[in-house]
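**Q** please find the sequence and the predicted model below.
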Amino acid sequence: MGIDTVSDLRAITQERLMSCFGKAGAWFYEVARGIDRRPVQPTRQRKSVGTERTFSENLEDRRTMLATLQEMAGQVAGRLQALALAGYTVNIKARFPDFATVTRAHTATETIGNTETIVALLPELLARAVPQGASVRLLGITVSGLVQIQAARRGARQLNLLNRIPDLR
């Protein structure tokens, strides 16, 4: 059975799909007809905040790559602040002219949510993602491992262990 398009899938009866795919056949039948009985979940927990940009011409200059990533860091930080979120991991993504894609990440012990903190990580991440002399067709930044800022502040308090040691005199 050659199924290449949704219209090919719509042309097959539910019984035939179920005989080939079991219970999944009923799901294929309905989905091909725009039927989805799952409940709508208008809100869901966000897992990351990011942006990426595909260039009309490949970028070859590292300074331009870094400046572009820095601009994107400001956009991501602004979205994080608007959503009252911060994260622990900064990821960058680079896609090369042959469409090969790499990602590199840095995970911190304290939350990351402002432009300056993200920008400080970019030179190392760019060096790890894009070899010297390589050009890129796409760059992206994502912050993941998200937490609400209020929760992050409560959990990020430095404890003073000396206050916990009993007087041994």
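**A** Here it is on my side, so go on.
**Q** ok so H106 is a strand residue?
**A** Yes - counting by DSSP: H, G, I helix; E, B strand; the rest coil, H106 is part of a strand.
**Q** which residues does it bridge with?
**A** Taking DSSP bridges as the rule, H106 bridges to V90.
**Q** just checking, it touches L121?
**A** Yes - in this structure H106 lies within contact range of L121 using Cβ atoms under 8 Å: 5.0 Å. The way it works is simple: take the backbone N, C-alpha and C, and place the C-beta from them, glycine included.
**Q** where in the chain is pLDDT low?
**A** 1, 151-169 (pLDDT under 70).
**Q** all the strands of it, residue numbers only.
**A** Per DSSP state E, the chain carries strands over the ranges 48-59, 85-95, 101-112, 136-144, 147-148.
**Q** the inter-axis angle of the third one versus strand 85-95?
**A** With axes from the mean of the first three to the mean of the last three Cα atoms, to 10 degrees applied, the angle from strand 101-112 to strand 85-95 works out at 160 degrees.
**Q** list of residues touching strand 101-112?
**A** 86-96, 117-118, 121, 124-125, 128-130, 138, 143, 145, 147, 149, 152, 156 (Cβ atoms under 8 Å, 6 or more residues apart in numbering).
**Q** change it to 6 Å
**A** With contact meaning Cβ atoms under 6 Å, 6 or more residues apart in numbering, strand 101-112 is reached by 86-95, 121, 125, 128-129, 152, 156.
**Q** by neighbour count, which of the residues you listed wins?
**A** When neighbours are taken as other Cβ atoms under 10 Å, the top entry among the contacts of strand 101-112 is I92 (28 neighbours).
**Q** quick one: contacts for it?
**A** The contact partners of I92, taken as Cβ under 6 Å, 6+ apart, are R104, L125, A129, I141.
**Q** hang on, the earlier thing: could I get the strands of the chain in CSV, plus columns for distance to S7?
**A** What follows is the strands of the chain, written out as CSV (distance: least, Cβ to Cβ, whole Å):
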stretch, distance to S7
strand 48-59, 30
strand 85-95, 32
strand 101-112, 31
strand 136-144, 32
strand 147-148, 45
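**Q** what's the neighbour count on I3?
**A** By other Cβ under 10 Å, neighbour count at I3 equals 14.
**Q** you'd agree it is up against I12?
**A** No - I3 is beyond contact range of I12, at 7.4 Å (criterion: Cβ atoms under 6 Å).
**Q** give me the contact list for whichever helix in the chain runs longest.
**A** As assigned by DSSP state H, the longest helix anywhere in the chain is helix 62-82. In this structure, residues lying in contact with helix 62-82 by Cβ under 6 Å, 6+ apart are 49-51, 59, 113-115, 118-119, 122, 126, 139, 141, 143.
**Q** kind regards, and thank you for your time.
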